[in-house]
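Novice: please work out how this folds:
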Amino acid sequence: MSSATTSLFASIALATAGAAGFAYTLTHPGVVAGFASRLFDDTGSLRSASQADNAALVPDRPETPTSGAGTVSLPAGAYGHFETEAEINGRTIDVMVDTGASLVALTYDDAQRLGIYVKPSDFTHIAQTANGTARVAPVTISRISIGDITVRNVPAVVSERGKSERTLLGMSFLGRLSRVEMRGGTLVLQE
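Specialist: Numbering: from 1, shown residues only. All right, here's what the predicted structure looks like:
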């Protein structure tokens, strides 16, 4: 292979990698924000390697939201995701806030912990998930609360056992709020 051909292939590979990185940045802004917040301090200066390592430490459990008067602020966690505890039907469960999910999506195991039991015949719909296609059972959740925010009668789905890794707090909850706003590495929710 000539050096010109090798150079052409290298240029194409570099352009493809750049386009993929740009597309990822557009579709996952929280990840990029979380990464950037670990690299730079509050003044915009690059952190030292030890400071960046300490900033990358992530708690084993979701962050506790700060709240007041119907407003909740969630700091970005691992990889820029917003995770917290939600009270669903009176029981506490870990959730990830996902504006890309149309509905609240419960894992099969979380649904059982919440007292929501579905039969095989209840899985009447198909959903596209991060892990591929899954059958889901439509349900209605009586009450979901995060901090001072409570939403009632929330449409949701239960995924087939083993088809989803975590419960997602999707737009059937978020769309009922008056405000969902990202400020730097913080997601602000307002009832």
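Novice: flag the shaky bits of the protein, pLDDT-wise.
Specialist: 1-69 (pLDDT under 70).
Novice: got the domain ranges for it?
Specialist: Domain ranges of the chain: 3-55, 66-190, per automatic domain parsing.
Novice: the helix or strand where A127 lies pairs with which strands, and in what direction?
Specialist: Take DSSP states H and E as the rule and A127 turns out to sit in strand 125-129. Applying DSSP bridges, strand 125-129 is found paired with strand 132-146 (antiparallel).
Novice: now tell me what touches the strand it pairs with from outside.
Specialist: If you take C-beta atoms under 8 Å, 6 or more residues apart in numbering as the criterion, strand 132-146 is touched by 65, 67, 72, 84-90, 104-106, 111, 116, 118, 122-127, 150-160, 163-164, 169, 173, 189. For glycine as for every other residue, the C-beta is placed from the backbone atoms N, C-alpha and C.
Novice: that one: which residues count as buried?
Specialist: Neighbour-count burial for strand 132-146 flags 134-137, 139, 141, 144-146 (criterion: 16 or more other C-beta atoms under 10 Å).
Novice: and if you look at stretch 181-191?
Specialist: 185, 187, 189-191.
Novice: of the contacts of strand 132-146, buried ones?
Specialist: Neighbour counting by 16+ other C-beta under 10 Å classes 65, 67, 72, 84-86, 88, 104-106, 111, 116, 118, 123, 127, 151, 154, 156-160, 163-164, 169, 173, 189 among these as buried.
Novice: from the residues you listed, which land in strands?
Specialist: Within the buried ones among the contacts of strand 132-146, residues falling in strands by DSSP state E are 67, 72, 84-86, 88, 104-106, 127, 151, 154, 156-159, 169, 189.
Novice: so L103 touches L174, yeah?
Specialist: No: if you go by C-beta atoms under 8 Å, L103 and L174 don't touch, sitting 10.4 Å apart.
Novice: which one of those two has more residues nearby?
Specialist: Neighbour tally, L103 and L174, criterion other C-beta atoms under 10 Å: the higher count belongs to L103, 23 against 18.
Novice: now do the contacts for the nearest residue to that one once chain neighbours are set aside.
Specialist: Excluding the flanking residues, the one nearest L103 by C-beta to C-beta, 6 or more residues apart in numbering is S172, at 4.4 Å. Contacts for S172 (C-beta under 8 Å, 6+ apart) come out as 102-104, 154-156.
Novice: what is the nearest of those residues to R179?
Specialist: Set against R179, the nearest of the contacts of S172 by C-beta to C-beta is V154 (17.6 Å).
Novice: from Y79, how far off is the closest one?
Specialist: Relative to Y79, V154 is positioned 26 Å away (C-beta to C-beta, to the nearest Å).
Novice: just G175 next, same as before
Specialist: Note on G175: its distance to Y79, by C-beta to C-beta, is 24 Å.
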